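Asker: One predicted model, sequence on top.
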Amino acid sequence: MNASLTRIGAIVVKEFKHLIRDPRILLAVLVTPIMQLLLFAYAISFDVRDLSTVVVDQDQTPASRTYLQSYTSSGFFKVVGSVDSVDAIDAVFQSSRARVAVVVPAGFQEAVDRGDKAQVAVYVDGGDPNSARIGQGYAVALNQVAGQKITATWAARQGLDLSQAGRLDVRVRTWYNPDRSSSIFLIPGLVVVIIMIVTVQQTAVTLVRERALGTQEQMTISPLRKVELMVGKLLPWTILAFVDVVLITLMGLTMFEVPLRGSVLVLAVSAALFIFASLGLGLIVSAISPTLETANLIAMMLAFLPAFLLSGFAFPLDSIPLPLQWLSYLFPARHMVDISRAVFLKGAGFAEVSGPLGMLAVYAVVVLALATVLYGKRAR
Amino acid sequence: MTDSQPAVVARGLTRAFGPLTAVADVSLEIPEGGVFGLLGPDGAGKSTLIRMLATVLVPTSGDAEVFGESVTHRPGRVTPRIGYMSQKFAMYPDLTIAENINFFATLRGVGKADRRERSARLLEGMGLAEFAGRQAGRLSGGMKQKLMLASTLMHEPDLLLLDEPTTGVDPVSRREFWRILAGLQREGKTVLVATPYMDEAERCTSIAFMDEGVITQRGTPDQIKALVPGTLFELVSPEPRAALAAAGAVPGVASAHLYGDVVRVLLSGTDAAGVAHACANAGVAVDSLRPVAIDMEAAFAFLAEEGEAA
Amino acid sequence: MSLKRIRLVMWKEFLQLRRDPLLLRAMFLMPILQLVFFGYVVAADVKNISIAVIDLDHSVASRQLEAEFASSDYFVITQHPATEAELQPLMDKGAVKAALVIPDGTSAALTRGEAAPIGVVVDGSESSSASIASGYAAQIVGEFNQRQIAASGMTIAAPGIDARIRVVFNPTLESINSMIPGLIAALLMISFGALMSQAVVKERESGTLEQMFVTPIKRNEYLIGKLTPYVVLAIAQVAVVAIIGMLWFKVPFYGSWWVVAVGLGLFLLTSVGLGLLISLVSHTRQQAQQTVMFLMIPQMVLSGFIFPVESMPAWIAPIANVIPLTHALVVLRGAFVKGSGFAALATPLWILAAFAVVIFGAAVVQMQRRLAE
């Protein structure tokens, strides 16, 4: 037992020395995650604001100006200019100068004064469907409010009471993240994505490197057991991955005001399992890859696409085709994103996350065992 | 340790890589003590044989015993007693000499006090002490080989398996390397060394000649040299190629080779007059033609030719 | 310049590509994997949000409203908790992403002609679905209200606004239609960044680069010969994505192929330049790969490839503008979705041209200098 610990210790110390001697790895492990956090937390937002808008005011009356002013003051649209004719809108959209165009035809004021419905047209550029969908919604809402205002003013003048029509009034409540802040939504998932990329990428090459250097042969003729080698290789990365988790969590809590409603213990236990699972995945790649190049490539395909796209960290997975949904369950990231979000935002405890936690545990055990067996197979 | 037990006994060792048989049915016995040389051209199967004895490669069939323990059934009992130095430099280039040695010795289960004492002694003995803090990747070829040897010796193995340890090393370092091996032999260790250099073969106590996966000849260097029949002449000429052509056609010449600028002619008899005559007929000037002692180089060339003819 | 020597380098490069099954497989796999992932995951428009309905009113109106939610494509009613207290655990577990709460007395309030409040609860821990779910819910309730008014037979002869809101270009708002042209540009960048830089570094690693330069070959001959095979392969990849995009994902194309060709050509030069620069600062293939990754993610995120630039904070826009991909996306999406021509896309095209000159030029100059060392 003692001899075994000594050997594991030797591997751990050696691994740390490799790390210290190669500043690029340290950069990849400690600086890149911070950059990614800042990048994603600041740059990604699902709230579209300030949609660039051009106006075509063919009425040029106080009423039309008041109406168009409501776009500027809404905060959703940003009027960047005006054009003379409806035909000119096409050019504006084609050159992507604006995404929305509002046309107030001549006779707007007259229609309102007459008590008729005044016609306006809003064009939305569908070239960017995301912005378009949201811009469309804003436009509907804005026009409803503007219309009601006009109606109310008219009714007041006529001395009419319009409140007899019963209607449903939607009160939206957003749980867990009332401001729907995208950084609060993203950061718990981002921790998972970053850990997955760092661990899989770095461990994928570690065993291949021993083989390429020829040092693996020296290990096989030493009393070092495969399990000891695996443990020795895993420990430094587990520590580093934990450093990353703590770093990102602290930044999230302080800089982006992400709440941590659940217990740190639940988070730590599941993070540990997730880290083991990801490291195991990396070790499997390392055990089966013949060259460093292959290992790198497989690791990239295994870590990047599933971590970014199949973990649900930014893209909801409910609407994707079924086979891809099944595929997403084959990677530990999806389970961990569920857990992380539940613990951070919903204050979930062990009971609530028992499902994905169990999956992670099974995953970690299977993957690590498989890595050890596969490594042994290739060793001679 | 009993004197009667040989260091290595191989029985029918065979290893195939796909359709290629690298080592075919090799049986071999190496007594304890001494430097055993494994000679042969590139691709003869020397490395494969050594790697099987080192337990890093599993034989396709056959078995070998190292100090009485089977390499296939009990590799765990073999490895503590052997040191294996691969042909390729197998140390971490980013770790220093001291760190590399320390790491592998720890894995081998060498205690802390022993590690300190032995690494100091070995590095001193090999002239590496002043470079102990240098990264292994920045060492010269000779220093790398000495580092590997030092690392191999840290757990004091009884049998050293060295796979072409001096390939690509300058002559001075090579001589020094063999001086260290001679010292090990005096300590009673057994050394099995594969080498392509004939001058190194002369320093071995016993050698085996390997070709196409089989051991064709074995014995002491003198015994091997004695296998070559006839007399060896060295012919010096300003036109060595023309002289070679002329000499090769003379009846009674077993073989003729260029050895640097010198033509080496192996005659079945002792009279070289025919060769001189042939050269004169061909109009090739001969500066000197004199008999020399048969060395390993000549024996190697002869044995390799025999192998091709057979 | 000798065509023969260029051809020789090209031939060697093709031979090496053919002998490197991994690289080849990666080149074919990459576009297909990306098509599947971006086409089906990123471009997936949120539908079938699982919703819980808490009907405390038990009236005709409440059942009508529930039926409207059930019949929409946006929601799938999966749970009927009896009280709001029972909703909490369902949301905690993530079993439902939204809930519709119809309070007791809703129907009565409606008949009295009052505004009856109903609750829509959304799970803000997934803010993208949350935004969309609340928007859909408001839309369904709005339609319900209109139907109520129409059914009541009340017609108000009051003034108001009759707004016609029309989506021009891509009226069905399908994400895939703008994803595929974007993917073409992104793939070009990845292909050069990841694969070509590997090839150059590999040559330096094996020492054959030095060998190459003691032969009479000139540097520009070497460059052209080295690059051509990758340009050919990249064009093949682009073609695969475009064809699959148009045939399988039914992405329409309204523009001119000339615009696409010019835009891609200019972007190709910047990508090649970037790939070369990466290979010049990397000593091993692993370093090259890590550098590629380091640069690739910010470009993908900030260029508007996945997330619209408009929704980013204002200070990010200048950063987005120095990324060539941003402008390539404007050109390609413009040409595909809007049928924009040279005149409309003049600005991004000129910017791309400037990038091409600067980046490709810098790469060639650096290459000369580094290799001369």
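Answerer: Done, it's in. Numbers count the residues shown, from 1 in each chain, chains lettered A, B, ... in the order given.

Asker: Tell me where the model's unsure across the stretch 51-200 of chain C.
Answerer: Within the stretch 51-200 of chain C, the segments meeting pLDDT under 70 span C:127, C:149-164, C:168.

Asker: and the closest residue to C:Ala130 other than its chain neighbours, what does it touch?
Answerer: Excluding its sequence neighbours, the residue lying closest to C:Ala130 (Cβ to Cβ, 6 or more residues apart in numbering or on different chains) is C:Val122, at 4.2 Å. C-beta here means a position set from N, CA and C on the backbone, and glycine is covered the same way. Contacts here follow Cβ atoms under 8 Å, 6 or more residues apart in numbering or on different chains; on that basis C:Val122 touches A:Val172, A:Arg173, A:Thr174, A:Trp175, C:Lys97, C:Ala98, C:Ser129, C:Ala130, C:Ala133, C:Ser134, C:Ala137.

Asker: Could you pull up the contacting residues of A:Met219?
Answerer: A:Met219 is in contact with A:Glu210, A:Leu229, B:Leu107, counting by Cβ under 8 Å, 6+ apart.

Asker: Do you have the helices of the stretch 251-380 of chain A handy? List them.
Answerer: Applying DSSP state H, counting those that start in this stretch to the stretch 251-380 of chain A gives helices spanning A:264-288, A:292-309, A:322-329, A:332-346, A:354-379.

Asker: again with the stretch 51-200 of chain B
Answerer: Using DSSP H, counting those that start in this stretch, the helices assigned to the stretch 51-200 of chain B run over residues B:75-78, B:97-107, B:112-125, B:141-153, B:171-186, B:198-201.

Asker: now for these, which one comes closest to chain A?
Answerer: helix B:97-107 (4.0 Å; Cβ to the nearest Cβ).

Asker: neighbours around A:Leu234, how many?
Answerer: 26 (other Cβ atoms under 10 Å in any protein chain shown).

Asker: gap between it and A:Thr199?
Answerer: The gap separating A:Leu234 from A:Thr199 is 10 Å, by Cβ to Cβ, to the nearest Å.

Asker: Find residues that contact each of those two.
Answerer: Shared contacts of A:Leu234 and A:Thr199, counting by Cβ under 8 Å, 6+ apart, come down to A:Leu279.

Asker: Up against chain A, what does the stretch 251-373 of chain C have?
Answerer: Taking Cβ under 8 Å from any Cβ of the partner chain as the measure of proximity, the stretch 251-373 of chain C contacts chain A at C:285-287, C:289-290, C:293-294, C:297-298, C:301-302, C:304, C:307-308, C:310-314, C:316, C:330, C:333-334, C:337-341, C:343-348.

Asker: Generate a PyMOL selection restricted to the buried subset of those residues.
Answerer: Buried subset of these, written as a PyMOL selection, criterion 16 or more other Cβ atoms under 10 Å in any protein chain shown:
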select buried, chain C and resi 285+286+287+289+290+293+294+297+298+301+302+304+307+308+310+311+312+316+330+333+334+337+338+339+340+344+345+348
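
Asker: What residue spans form the domains of chain C?
Answerer: By the assignment in automatic domain parsing, chain C contains the domains C:3-43+C:174-372, C:49-152.

Asker: how about chain C, which residue sits the furthest from its center?
Answerer: Distance from the C-alpha centroid of chain C peaks at C:Arg112, with 49.6 Å (Cα atoms, centre = their mean).

Asker: re earlier: if you compare the helices of the stretch 251-380 of chain A, which one is most tucked away?
Answerer: helix A:332-346 (a mean of 27; mean count of other Cβ atoms under 10 Å in any protein chain shown).

Asker: mind listing what C:Gly124 touches?
Answerer: By Cβ under 8 Å, 6+ apart, C:Gly124 lies in contact with A:Thr174, A:Trp175, A:Tyr176, A:Asn177, A:Pro178, A:Asp179, A:Arg180, A:Ile184, A:Phe185, A:Leu345, C:Ala130.

Asker: I'd assumed A:Leu345 was in contact with the fourth one.
Answerer: Yes. With contact defined as Cβ atoms under 8 Å, A:Asn177 and A:Leu345 form a contacting pair (6.1 Å).

Asker: Quickly list what's touching both of the two.
Answerer: A:Ile184, A:Phe185, C:Gly124, C:Ser125.

Asker: and which of the residues you listed is nearest C:Phe267?
Answerer: C:Phe267 has its nearest neighbour among those in A:Phe185, at 32.5 Å by Cβ to Cβ.

Asker: domains for chain A, by residue range?
Answerer: A:2-44+A:180-379, A:51-154.

Asker: Make CSV from the ones you listed and add mean pLDDT to it.
Answerer: Formatted as CSV, the domains of chain A follow (pLDDT from 0 to 100):
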stretch, mean pLDDT
domain A:2-44+A:180-379, 86
domain A:51-154, 83
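
Asker: Any idea which of those gets closest to C:Thr78?
Answerer: Across the domains of chain A, C:Thr78 has its closest neighbour in domain A:2-44+A:180-379 (11.2 Å, Cβ to Cβ).

Asker: Give me the distance from the closest one to the chain's centre.
Answerer: In this view, domain A:2-44+A:180-379 has its centroid 17 Å away from the chain centroid, taken as Cα atoms, centre = their mean, to the nearest Å.

Asker: follow-up on the earlier one: would you mind giving the domains of chain A as JSON lines with distance to C:Glu203 added?
Answerer: Putting those into JSON lines (distance: least, Cβ to Cβ, whole Å) gives the following:
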{"stretch": "domain A:2-44+A:180-379", "distance to C:Glu203": "14"}
{"stretch": "domain A:51-154", "distance to C:Glu203": "41"}
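
Asker: how about those, which one is nearest C:Ala242?
Answerer: domain A:51-154 (17.4 Å).

Asker: and the helix or strand hosting A:Pro188, what does it pack onto?
Answerer: Assigned by DSSP states H and E, A:Pro188 falls within helix A:182-204. When contacts are defined as 3 or more Cβ pairs under 8 Å, 6 or more residues apart in numbering or on different chains; DSSP states H and E, helix A:182-204 sits against helix A:32-43, helix A:226-255, helix A:264-288, helix A:292-309, helix A:332-346, helix C:127-152.

Asker: Looking at chain B, which residue is nearest chain A?
Answerer: B:Ala90 (3.1 Å).

Asker: how about the residues of the stretch 101-250 of chain A near chain B?
Answerer: Residues of the stretch 101-250 of chain A lying near chain B (Cβ under 8 Å from any Cβ): A:Leu213, A:Gly214, A:Thr215, A:Glu217, A:Gln218, A:Met219, A:Thr220, A:Ile221, A:Ser222, A:Pro223, A:Leu224.

Asker: List buried residues within those.
Answerer: A:Leu213, A:Thr215, A:Glu217, A:Gln218, A:Met219, A:Thr220, A:Ile221, A:Ser222, A:Pro223, A:Leu224.

Asker: Which two of the residues you listed have the greatest separation?
Answerer: For those, and using Cβ to Cβ, no pair is farther apart than A:Leu213 and A:Pro223, which are 20.0 Å apart.

Asker: Can you tell me how far the closest residue to chain B within the stretch 1-150 of chain C is from B:Thr21?
Answerer: Relative to chain B, the nearest point of the stretch 1-150 of chain C is C:Pro21 (17.8 Å; Cβ to the nearest Cβ). To B:Thr21, C:Pro21 is 27 Å away according to Cβ to Cβ.

Asker: Please convert the contacts of A:Met219 to TSV, extending it with neighbour count and distance to chain C.
Answerer: Output for the contacts of A:Met219, formatted as TSV (neighbours: other Cβ atoms under 10 Å in any protein chain shown; distance: Cβ to the nearest Cβ, whole Å):
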residue	neighbour count	distance to chain C
A:Glu210	20	15
A:Leu229	24	21
B:Leu107	23	25
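
Asker: which one among these gets closest to C:Glu84?
Answerer: Each of the contacts of A:Met219 was scored against C:Glu84 by Cβ to Cβ, and A:Leu229 proved nearest at 54.9 Å.
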